[in-house]
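Would you be able to build a 3D model of this:
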Amino acid sequence: MGKRYLIVLDDMWDCMAWDDLRLSFPDVGNRSRIVVTTRLEKVGKHVMHHIDPYYLPFLTTEESCQLLQRKVFQQEDCPPGLEDTSQAVAEICKGLPLVVVLVAGIIKKRKVEESWWNEVKDALFDYLDHESEEYTCLLYMGMFSEDAIIPVSKLISLWIAEDLVENIESAEDYLMDLISSNMVMVSKREYNGKVKYCQVHDVVFHFCLVKSREEKFMLAVKGLFQPLVWKGSRVSFSFSEEHSKTQKHFQQHLRSLITTNRGKSNDGIHFCQISELRLLKVLDLSSHSVHILSSATFKPLYHLKYLAVFADEFYFHPESHLLHLETLIVKHDWIPIVLLPTSFWEMEKLRHVEIYNAKFDEQGMFEGSSKLENLRILRNDRFPTKEVGRVNVLLKRYPNLHQLHIGFWGIVDSREPFCPKLENLMQLQVLRLFFQWSIIVSGLQLPSNIKKLILLGTDIESAISFIVGLPRLEYLKIEYVDFTENEPCSLSWFLRHITLHKLKFLKLVNLDISRWDTSEESFPLFETLVVKRCDNLEEIPLSFADIPTLKQIKLIYYKNESLKASVVKIKENVEENEGNDRRDLITIKQKYRQSILRLAKIHASSKFVLIDQLFNIDELHAEDELYLPDP
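Numbers count the residues shown, from 1 in each chain. Here you go, the predicted model:
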């Protein structure tokens, strides 16, 4: 008491420990400090007081090697004969200090034996509780390909279908436990901080493969498969021509089958085998494209809960037989119409549906009063604008939707009002509304619970009228909207007299505007602005400097230098007004010319281009198209 102190609490695992200790450290305003280190994110958030947790960056390979040698050899120098080996082991650790220390602790028992250095990684994760749900969920990560960036929504659906977890809430808790323990890494977060994509460190991935095989949990196969050898219940598999020729059958006790290869097959080669797997709960063929496929193929799979396919043409059988299905995903390369029969309404357990360009049987559309009460997510439905009346009938059958992605194509008859009736979807929180041609949406009312809204192709002035009526709106993306003025050089967007009280994230994509007039009073809680491919926009309003909650302005593929200059000026004003430097306030991505030249250079030297060589991975997600010039 009365003295200034510095306390370091290293590697804290329990929030209660902090609660017990904190009363022993008085705060009398004399600039004393407490530093807490932890591997658990929840502990960091519980402890934080004056500042947010600081997330350590990954080590470089050189730093990893230095740490490894220091831990193994202590005060001694690394023998010259082990320099290259220690460098190779350090690279495997991928910059994770925890992995480096674990590896060093095992290696130093026989530190001068080079062969021992190459055997240690199999023992890295033996401390895990093999009976826990988290461990089981972690092993399931091996079902995906190495370095796969996994959508969290897909991962949770698979866990539930496999009965590894009871519900979405439990699945999210287990995932966060794995993330906070550094077993699973976050690839991308939502605007509100929730995890959107995740992946596993390659060391952890190989551990999952080894342990899964040892414990008969799962088998990952590349190339030729010997099905009769495997006695477990899960297979992650890359189909090959060799397998097609062998005509060997899978074991009928399989519960889960996921393909990970990219390719195309002739019709009917494998599906005669798959239809024999009567106990299957999970079948994901979405990475393997076929020409023609029918739901009748899966008729024997009575227990199926998760089905994802990729087919040029997909047909639903008139009779319903997938009565336990919870997730249904139908992907394809082009735009055929997927006709859904009346029996679709009998699949009462459906929770997540993605079918591009679905069309319902006209006779059965109005028959009966069946509703899909459990349906929470409906994505990629497209309808002709002239069928808006039928769409309204359909929406009444999805009363509990949380997410809806819906699109309309065709020109609207100006004599008839175009107004999809969405206001009755009272639980709707995410809406993506797409129009092929710019449409004036008159009288549209949206549910007040919507937090995330994505608009593509609508008239902006008619859209503003229903945007301002969303009191809980936090995320707004506007793309390819139309404006009433004719000349691009004079187009303006006025939001000065509109207040979006809860809005935190605004993304403007491909808008043909040159000026933007708004006030800081329009965005009282605003945090992030993203401007992408708005070629004619000259500047960001200087009033953004007066928004106290602003965290970031991101420019992606801009043309005008004046746009960049305006953002720099906003940053300078923030520093001048607040007396500090928000280092992450500005993110400038490549200009068009730079990105195209880089792309051309890569194409000149190789036929194949990895996407992450061209663009930052946070640009690649379901809401964005990727525009690439021809090679």
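
Skipping its backbone neighbours, what lies nearest residue 559 in space?
What sits nearest to residue 559 in space, not counting adjacent residues and going by CB to CB, 6 or more residues apart in numbering, is residue 535, at 4.8 Å. The C-beta positions use only the backbone N, C-alpha and C, and glycine is treated the same way.

That neighbour - how many residues pack around it?
16 (other CB atoms under 10 Å).

repeat for residue 214
A count of nearby residues for residue 214, using other CB under 10 Å, gives 8.

Check residue 46 too.
As a burial measure, residue 46 scores 17 neighbours (other CB under 10 Å).

Let me see the contact set for the spatially closest residue to it that is not a sequence neighbour.
Nearest-residue entry for residue 46: residue 15, 4.4 Å, with adjacent residues in sequence omitted and distances by CB to CB, 6+ apart. Counting by CB atoms under 8 Å, 6 or more residues apart in numbering, residue 15 makes contact with 42, 43, 46, 47.

hang on, the earlier thing: doesn't the residue nearest to residue 559 belong to a strand?
No. Residue 535: not assigned to a strand; according to DSSP: H, G, I helix; E, B strand; the rest coil it is coil.

any idea how far it lies from residue 327?
Distance, residue 535 to residue 327, using CB to CB, to the nearest Å: 40 Å.

Also residue 545?
Separation of residue 545 from residue 327 (CB to CB): 46 Å.

just checking, residue 107 touches residue 69?
No. Look at residue 107 against residue 69 with CB atoms under 8 Å: they stay out of range, at 10.1 Å.

Give me the more crowded residue out of residue 545 and residue 327.
Here residue 545 and residue 327 are compared on neighbour count by other CB under 10 Å; more neighbours surround residue 327, at 24 against 21.

What's opposite the more buried one in the beta bridge?
Residue 327 has these beta-bridge partners by DSSP bridges: residue 306, residue 352.

contacting residues around it?
Here residue 327 is in contact with 157, 161, 305, 306, 307, 308, 350, 351, 352, 353 (CB under 8 Å, 6+ apart).

The same query, at a cut-off of 6 Å, please.
Counting by CB atoms under 6 Å, 6 or more residues apart in numbering, residue 327 makes contact with 157, 306, 352.

go on, residue 347?
Applying CB under 6 Å, 6+ apart, we find residue 347 in contact with residue 325.

Residue 203 in helix, strand or coil?
helix.

ok, now which ones touch it?
Neighbour list for residue 203: residue 99 [criterion: CB under 6 Å, 6+ apart].

Offset the numbering so it begins at 676, please.
New numbering, starting at 676: the last item is residue 878.

picking that back up, just the ones of the contacts of residue 690 in strands?
In strands, defined here by DSSP state E, there are no members of the contacts of residue 690.

Let's have those residues in JSON lines, adding pLDDT.
Output for those, formatted as JSON lines (pLDDT from 0 to 100):
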{"residue": "717", "pLDDT": "79"}
{"residue": "718", "pLDDT": "85"}
{"residue": "721", "pLDDT": "86"}
{"residue": "722", "pLDDT": "86"}
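
Now tabulate those residues in a markdown table and tack on distance to residue 710.
Listed next are the contacts of residue 690 as a markdown table, based on distance: CB to CB, whole Å:
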| residue | distance to residue 710 |
| --- | --- |
| 717 | 18 |
| 718 | 13 |
| 721 | 15 |
| 722 | 10 |
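
Show me which of these is closest to residue 814.
Lowest distance from residue 814 to these (CB to CB) belongs to residue 717, with 22.7 Å.

I'd like to know how many residues surround that closest one.
Residues near residue 717, counting by other CB under 10 Å, number 13.

ok, it to residue 848 distance?
Distance, residue 717 to residue 848, using CB to CB: 11 Å.

Mind naming the longest helix for this protein?
Assignment by DSSP state H gives helix 1236-1253 as the longest helix of the chain.

Name the residues that touch that one?
1212, 1213, 1214, 1215, 1219, 1220, 1228, 1256, 1257, 1260, 1261.

got it, and stretch 755-774?
Here stretch 755-774 has contacts from 733-734, 736, 739-740, 743-744, 753, 775, 789, 792, 876, 878, using CB under 6 Å, 6+ apart.

how does it look with 8 Å?
714, 731, 733-736, 738-740, 742-744, 747, 753, 775, 778, 782, 787, 789, 792-793, 795-796, 799, 857, 876-878.
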